[in-house]
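Asks: A predicted structure for the sequence below; I have some questions about it.
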Amino acid sequence: MSLTEFLIVWLSCLATMLACRCIPIFILKGRDLPESLRNALNLIPPAAFAALVANDLFSPTMFSTGIWPGIIPVVAALVVVIVAKTTKSLIWCAITGVVTYALLTLI
Amino acid sequence: MQKKDAIIQALKVALPVMFGYVGIGIPCGIMEHQIGMNAFMAFVMSMTFYSGAGQFMIPSMWLASTPLASIIASVSFVNTRQLLYSAAFSPYFEKVAKRLTFLFSATVTDESFGVNMAKYQEGDWGAGRATLVNLFSMTSWGVSNALGVLIGSALSIPTAIAAFAMTSIFICLLMGQKASLENIFVAAVAFVAVCIFKAIGLSGPAILLGALCGVFAGLILLAVKQR
């Protein structure tokens, strides 16, 4: 990738990224929003977290190299669910998740 | 609040994200090295564009000789989910100055959205500390990317395993949400919707579209409950 190509990709991606990151908060902040919109904003966190987890665990090609490689992340995720319930700690969840995943790939 | 206290509080919140970013930032830098980016370019891109998914997509699409315009369009499409995060933070920034709001919103990622939103929901969280969380995480991401470029291909980190640290963080954040009927319904619909969108080939915007499905389903449930 040449310097010019790098600059084009970087600046274009940065521009669309900044638009997505900054425009909604500036449009919405400090406004008296209707109740339905306020409800919608409150529903974003559970929706987004569930979407991010689903995106990481499932893909149409997850079983392309066999059943087990596709199931490993799901099993590791279930272990993390238990750790999350008991410890409520992000660090512990991250550590158990990675270690469980690594151990399962050794089987 | 004392400046030092704010920094320590923010650092505590940012720490899991910062560690996770080392794990995926180094492999990301290794890929950026493969397409001829130097450590400075990787650092600048990480400290401005600052997107894990995006910065993995750029080298892999480039290596697959994808035209520049397609790379830009695909990366931008994937990052449209940021619209939702930005909107979700807006009630907490009502009285926050424009410059701080800009600095904060310009440095939100999936992970920093997660940890900051969890702190705001708990109460007792502010824009200053939230922005510090973003900046600490961003610095970890920037340094790890630059390191990855310098290491080049001398080291191989199994990316799938390292990336599971992020998945684990999202699971913990999801489990931390209030277990109300509408939250469970919203999460279930979003989860299933993402799987469906990916199955029908809409992997790029799957997170945004799936999350929107969840939010709409939740609004319908709330409307039904009110009747």
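Replies: Nice, I can see it.
Asks: and the closest residue to chain B within chain A, what element?
Replies: Nearest to chain B in chain A, going by Cβ to the nearest Cβ, is residue A:97, at a distance of 2.9 Å. From N, CA and C alone the C-beta is placed, and that goes for glycine too. Assigned by DSSP states H and E, residue A:97 belongs to helix A:90-106.
Asks: Residues contacting that helix, please?
Replies: A:69, A:72-73, A:75-77, A:79-80, A:83-84, A:87, B:15-17, B:19-20, B:23, B:115, B:158, B:160-162, B:164-165, B:167-169, B:171-173 (Cβ atoms under 8 Å, 6 or more residues apart in numbering or on different chains).
Asks: and the longest helix along chain B, how far out from the chain's middle?
Replies: What stands out as the longest helix in chain B, according to DSSP state H, is helix B:3-34. Chain-centre distance of helix B:3-34: 12 Å, with Cα atoms, centre = their mean, to the nearest Å.
Asks: anything in that helix near chain A?
Replies: Yes - for helix B:3-34, a contact with chain A is found by Cβ under 8 Å from any Cβ of the partner chain, at B:15-17, B:19-20, B:23.
Asks: Redo those residues as TSV? Include distance to residue B:33, neighbour count and pLDDT.
Replies: Below are the residues of helix B:3-34 next to chain A laid out as TSV (distance: Cβ to Cβ, whole Å; neighbours: other Cβ atoms under 10 Å in any protein chain shown; pLDDT from 0 to 100):
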residue	distance to residue B:33	neighbour count	pLDDT
B:15	27	18	95
B:16	27	25	93
B:17	24	27	94
B:19	22	17	92
B:20	21	29	90
B:23	17	21	88
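Asks: State the number of residues packed around residue A:35.
Replies: 8 (other Cβ atoms under 10 Å in any protein chain shown).
Asks: Which pLDDT value belongs to it?
Replies: Residue A:35 carries a pLDDT value of 89.
Asks: and the longest helix of chain B, which residues are buried?
Replies: B:9-10, B:13-34 (16 or more other Cβ atoms under 10 Å in any protein chain shown).
Asks: now stretch B:192-207
Replies: Those would be B:192-198, B:203-204, B:206-207, for stretch B:192-207 by 16+ other Cβ under 10 Å.
Asks: Now, those residues that are in helices?
Replies: Going by DSSP H, the helices hold B:192-198, B:206-207 from the buried residues of stretch B:192-207.
Asks: Now the residues you listed in JSON lines, please, with extra columns for distance to chain A and pLDDT.
Replies: Formatted as JSON lines, these follow (distance: Cβ to the nearest Cβ, whole Å; pLDDT from 0 to 100):
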{"residue": "B:192", "distance to chain A": "8", "pLDDT": "97"}
{"residue": "B:193", "distance to chain A": "8", "pLDDT": "97"}
{"residue": "B:194", "distance to chain A": "4", "pLDDT": "96"}
{"residue": "B:195", "distance to chain A": "5", "pLDDT": "96"}
{"residue": "B:196", "distance to chain A": "10", "pLDDT": "97"}
{"residue": "B:197", "distance to chain A": "9", "pLDDT": "95"}
{"residue": "B:198", "distance to chain A": "6", "pLDDT": "94"}
{"residue": "B:206", "distance to chain A": "6", "pLDDT": "90"}
{"residue": "B:207", "distance to chain A": "5", "pLDDT": "91"}
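Asks: Thanks again, I'm all set now.
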